[in-house]
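S.K.: Provided below are the primary sequence and the corresponding predicted coordinates.
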Amino acid sequence: IENQLKGNDSEQIRGKHAELADLRPWLVEKCWVQKQKLDEYFKEAFKGLRDSKKKFCEKVLIENGNNHAKLLELEVLKDKAQTIFNSSIEKISLIPSISNFNFSDIENNPLLKKVIVGDQDIEISKLIDHLGNSDWVKKGLEYYDAEQKICPFCQQQTSESLLHDFQSFFNKEYQENVDALQSLKSRYTTSCERLLSELNNSLASSKGYLDEEIFKAKVELLKERTAKNIQLLKDKISEPSIKISLDQISEEILGLSTMIKEANQRITEHNSTVDNIDKEKELLVSQVWKYVINELQLDLNKYNSDKERLENTIDGLKKSLRNIDNQKKKLNADITEWEKRITSIAPTKDAINELLGKFVCTSFFIDVSDDGKHYKICRNDGRDASKTLSEGEKTFITFLYFYHLIKGAQTSTGITGNRIVVFDD
């Protein structure tokens, strides 16, 4: 059992104590490998432990039993560390939100689908319908000289009533519709310019919280669509009789607005972190150690399992040794008790007194002292005779004591047995 516990070098046996001692260095190296992987990002979390393998491992074991933080992914922890462990961290202004533009009123305006033509009750309308292009006629009036009365297209002289007929054809209603189209284009162009300006301002003040590449791509797509719509409105104004359909841009605006809203949410969280930087640092440190523990979980489970197994084995072996030791002590106590009974002085006292009587030596006798462990010599009246014995009495009592000592022992634990006595005269 001692060899199983402590080992035996001569027999090349490694004890359980040695196996248990080898577990910690193995775990220390496993922990240190993990520390080396993460040290670049989480120096603040590992402060005070970065130069000691032993201390780092001890911290892992402590955290393994007490860390209840939420487990986060490594990239999330890195992002948080860049902010929270940054000594120059400061609050950031929110990104300006997009104004509430109502482009759908313009994009879905009935005028865009309406065929805008002149008064069909005018006689000249039949000619214009025959030509099939009232917009061409309308455009020609811009070049018509009312004084010279010359057609700008064929250069022939016109009648006095032609201008009046054309003006009657392109009546007030027609002009109102064209003016309404002009107003729609103006409103749409102004709104688009404001929208794009706000988006550029948002991008400029994003401080990296917007995904700039995606945001720029969405803005560029929006710019192309608005430019296309503005051109369609211009075409409609030039040719009121055509029908147009504008691209809907509300989805693009909503997507950009959502990106700004999400970025502002992250900025708000950042500012909250700045306001509570001490608590946030404490929380992040705990979350970093939670990640470390999770990465080492298999190794920790093996270490704890092997450690428990070896400790239980060692406890069992120690218990066996204690039982053996207790049994040994009990056996020794039993032996001592039996030896006490065997080496008692009372039988010797009686035997010596019996021999004294046989040799008619009645002037003294042997008795047991008060402590029960020694002899005393007494006169018949009970007085101490040790100092009044004659030389012959001393010699005789000495011989009798030696005679019985041969068969016994001088201590209570002596073992009696057969002996060979040699007298050298």
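M.R.: Yes, it's here. Numbers count the residues shown, from 1 in each chain.
S.K.: Cross-check the contact I'm expecting between His72 and Asn294.
M.R.: Quick fix: residue 72 reads Leu, not His. No: Leu72 is not in contact with Asn294 according to CB atoms under 8 Å; the separation is 9.9 Å. Quick note: C-beta positions are derived from backbone N, CA and C, even for glycine.
S.K.: Comparing the two, which residue is more hemmed in?
M.R.: For Leu72 versus Asn294, the count of surrounding residues by other CB atoms under 10 Å is larger for Leu72: 17 against 13.
S.K.: Confidence-wise, which helix or strand of the protein is lowest on average?
M.R.: The least trusted helix or strand in the chain, going by mean pLDDT, DSSP states H and E, turns out to be helix 125-131, with a mean of 51.
S.K.: Tell me the spacing between Tyr375 and Phe402.
M.R.: Counting by CB to CB, to the nearest Å, the gap from Tyr375 to Phe402 is 13 Å.
S.K.: So those two - more neighbours on which side?
M.R.: It is Tyr375, of Tyr375 and Phe402, that has more neighbours when counted by other CB under 10 Å, with 16 against 10.
S.K.: so how far is Asp350 from the more buried one?
M.R.: For Tyr375, the distance to Asp350 equals 12 Å [CB to CB].
S.K.: cool, Lys223 as well?
M.R.: Distance of Lys223 to Asp350, given as CB to CB: 131 Å.
S.K.: Who has more neighbours out of these two?
M.R.: A count of neighbours by other CB under 10 Å puts Lys223 above the other of Lys223 and Asp350, at 15 against 11.
S.K.: Which residues are in contact with Leu389?
M.R.: Phe364, Ile377, Ile397 (CB atoms under 8 Å, 6 or more residues apart in numbering).
S.K.: What degree of burial does the second one show, as a neighbour count?
M.R.: The burial metric for Ile377, expressed as a neighbour count using other CB under 10 Å, is 18.
S.K.: and if you look at the last one?
M.R.: If you count neighbours by other CB under 10 Å, Ile397 ends up with 20.
S.K.: For it, give me the pLDDT.
M.R.: Per-residue pLDDT puts Ile397 at 86.
S.K.: My read is that it contacts Lys376, right?
M.R.: No: proximity of Ile397 to Lys376 does not meet the contact threshold set by CB under 8 Å, at 11.6 Å.
S.K.: that older thread, please identify the one among the contacts of Leu389 that lies nearest to Ser104.
M.R.: Closest approach to Ser104 among those (CB to CB): Ile377, at 136.2 Å.
S.K.: Centre of the chain to the helix or strand where that closest one lies, how far?
M.R.: Taking DSSP states H and E as the criterion, the element that holds Ile377 is strand 375-379. Put simply, strand 375-379 sits 89 Å off its chain's centre (CA atoms, centre = their mean, to the nearest Å).
S.K.: immediately after it, which helix or strand?
M.R.: Next along from strand 375-379, by DSSP H and E: helix 391-407.
S.K.: what helices or strands is that following helix leaning on?
M.R.: helix 345-358, strand 364-368 (3 or more CB pairs under 8 Å, 6 or more residues apart in numbering; DSSP states H and E).
S.K.: Now tell me what touches that helix from outside.
M.R.: 348, 351-352, 355-356, 359, 361, 363-364, 366, 375, 377, 389, 416, 419, 421.
S.K.: do the same with stretch 255-275
M.R.: So stretch 255-275 is contacted by 83-84, 89-98, 199, 202, 206-207, 209-211, 214-215, 218-219, 222, 280 (CB under 8 Å, 6+ apart).
S.K.: What is the nearest of the contacts of Leu389 to Glu193?
M.R.: The closest of the contacts of Leu389, once distances to Glu193 are taken by CB to CB, is Ile377, at 138.1 Å.
S.K.: Report the beta-bridge partners for that closest one.
M.R.: Beta-bridge pairing for Ile377 (DSSP bridges): Ile366.
S.K.: Tell me who's in contact with it.
M.R.: Phe364, Phe365, Ile366, Asp367, Asp384, Ala385, Ser386, Leu389, Ile397.
S.K.: one step back: shared neighbours of Ile397 and Lys376, anything?
M.R.: Taking CB under 8 Å, 6+ apart as the contact rule, Ile397 and Lys376 both touch Ile366.
S.K.: just to revisit the earlier point, could you identify which of the helices and strands packed on helix 391-407 is most buried?
M.R.: Comparing the helices and strands packed on helix 391-407 by mean neighbour count (mean count of other CB atoms under 10 Å), strand 364-368 ranks first with a mean of 18.
S.K.: which secondary structure elements does it contact?
M.R.: Using 3+ CB pairs under 8 Å, 6+ apart, strand 364-368 sits against helix 345-358, strand 375-379, helix 391-407.
S.K.: Can you give the distance from the last one to the centre of its chain?
M.R.: If you compare the mean C-alpha spot of helix 391-407 with that of the full chain, they lie 90 Å apart, counting by CA atoms, centre = their mean.
S.K.: which parts of it are buried?
M.R.: By neighbour count on 16 or more other CB atoms under 10 Å, the buried set for helix 391-407 is Glu393, Phe396, Ile397, Leu400.
S.K.: Tabulate those in a markdown table, adding columns for distance to Ser191.
M.R.: Rendered in a markdown table, the data for the buried residues of helix 391-407 read as follows (distance: CB to CB, whole Å):
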| residue | distance to Ser191 |
| --- | --- |
| Glu393 | 145 |
| Phe396 | 145 |
| Ile397 | 140 |
| Leu400 | 139 |
